Structures are given as structure tokens and as C-alpha cells.
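J.: below are the sequence and a predicted model; questions follow.
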Amino acid sequence: MIKVSAREKFIALICVVLCLFFAARNFFADGLPGYGSATRDQIKAAAFRLREARAELAREQLYEKKLGVLAGVFGRSSGEGAEISSMSSRVHALARKSGVRILNIQPASVIGEEYYFIYPLEVSFEGGWKGVARFLFETGSASDRVEIRSLRLEKYSESFLELRGTMVISRTRLR
């Protein structure tokens, strides 16, 4: 028989342990044939969904930032009654300032979109042509973002100095 020294036994033991370690590592890294591929596919799909979710989150944060800027410009909705009342008060004040008589103010149905509301208001008025022109100019250039959506003017006296009109104005507010 061949005599094996303790040093050779130790080296042989280390070689066997290393071979077992690499075999076990490769077995568990690849998994059993037919089983590991499904897990790898699931991991890849989950990683892809995670990347998509992170990108969506980044877009959402950018959207929220832009929405904050727009909220400063348009303002947030404080309810239908408050918005219509505010617009009506503003129209009355502009009419008094311009010397125009308000005949009727009628709220129209609110238009609700996904991110904003449009509050329309139908206004009937009459007055001198200079006052009507000033009233329309002031209404359209108001700092509270009132938009004139439609306008109809007609004379109601023999001279062209007196005008009667109807307009639909609206204000857009974010939800």
C-alpha cells in the first residue's frame, strides 16, 4: 500500500471540498432542469415591472409638480356655489364700474373633466356702447382667468349708442 502523508490527505480533502462547493453552487445557481427557467423568467418580468413602476412614479412626480404650478395659475375649485357666486359678484362689480346694467345672470351646467371643472355663467346686459366695450374688455382681461366663450350684441334703440347683449363666460378651476 501507498503511504499518504497528512499533508497530502489535507490537500485531497481541500480538493474534494472545493469540488463539492462548485458542484453545489452550479446546481443551485441553475436550479433543477425545467424548474429554474420559470423562476428566472418571473424574476426578469418582475424586474421589468419594477422599472416601469419607477418610471411611472417619476412621471407622476413631474405631473404633480406641473399641477402645482397650474393650481397657482387657475386655482383649485372651491365648489360650484362658491365659484358661481364669485363670478357673479365679479361681473356685477365690472358692470357698475363700466356703467352697464345687468339684466340677468344665469348659471349654466358645470362641465366636469378628469382634472378640472369649467363653471359657465350666462350674462345679459345693456348699456351705452362705450360702457359695453369697457365691460367686455374688463371681463375678458380680468385677473381671475374668466374667459368669454360666446357673445351676442344687438342695438335696442334707434341710435347705435345703446346696445344689449348676452354672453357666456366661464372660469376653469382644477379639481
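T.: Structure's in. What do you need? Worth saying up front: this structure is predicted, and the values here are computed from it rather than measured.

J.: C-alpha from now on. contacts and neighbour counts both.
T.: Noted.

J.: let me know whether my guess that residue 105 is in a helix holds.
T.: No. Under DSSP: H, G, I helix; E, B strand; the rest coil, residue 105 sits outside any helix and is assigned strand.

J.: isn't it up against residue 92?
T.: No. Residue 105 is beyond contact range of residue 92, at 9.4 Å (criterion: CA atoms under 8 Å).

J.: how about the contacts made by residue 117?
T.: 77, 110, 111, 172, 173, 174, 175 (CA atoms under 8 Å, 6 or more residues apart in numbering).

J.: of those, closest to residue 16?
T.: residue 175 (70.8 Å; CA to CA).

J.: the closest residue to the closest one other than its chain neighbours and residue 67: what is the separation?
T.: Nearest residue to residue 175 in three dimensions, chain neighbours excluded: residue 116, at 4.9 Å (CA to CA, 6 or more residues apart in numbering). As judged by CA to CA, to the nearest Å, residue 116 and residue 67 stand 11 Å apart.

J.: if we can go back for a sec, neighbours around the residue nearest to residue 175, how many?
T.: Neighbour count of residue 116, defined by other CA atoms under 10 Å: 15.

J.: how close does it sit to residue 172?
T.: Per CA to CA, residue 116 is found 7 Å from residue 172.

J.: tell me which helix or strand comes right after the worst-scoring helix or strand of the chain on mean pLDDT.
T.: Lowest on mean pLDDT, DSSP states H and E among the helices and strands of the chain sits helix 36-74, with a mean of 79. Later in the chain than helix 36-74, the nearest helix or strand by DSSP states H and E is helix 80-98.

J.: got the contact list for that next one?
T.: 77, 101-102, 105, 107, 110, 119, 121, 131-132, 134-135, 138-139, 171.

J.: put the buried members of those into a PyMOL selection.
T.: Entered in PyMOL, the line below selects the buried ones among the contacts of helix 80-98, by 16 or more other CA atoms under 10 Å:
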select buried, resi 77+101+102+105+107+119+121+131+132+134+135+138+139+171
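
J.: which ones among the contacts of helix 80-98 map onto strands?
T.: If you go by DSSP state E, the contacts of helix 80-98 have 101, 102, 105, 107, 119, 121, 171 in strands.

J.: between those, which is closest to residue 62?
T.: Taking CA to CA as the measure, residue 62 lies nearest residue 171 of the ones in strands among the contacts of helix 80-98, at 25.3 Å.

J.: which ones are touching that closest one?
T.: 87, 118, 119, 120, 144, 145, 146, 147.

J.: hang on, the third one packs against residue 174?
T.: This means residue 119. No. Distance between residue 119 and residue 174: 11.0 Å, which falls outside the contact criterion (CA under 8 Å).
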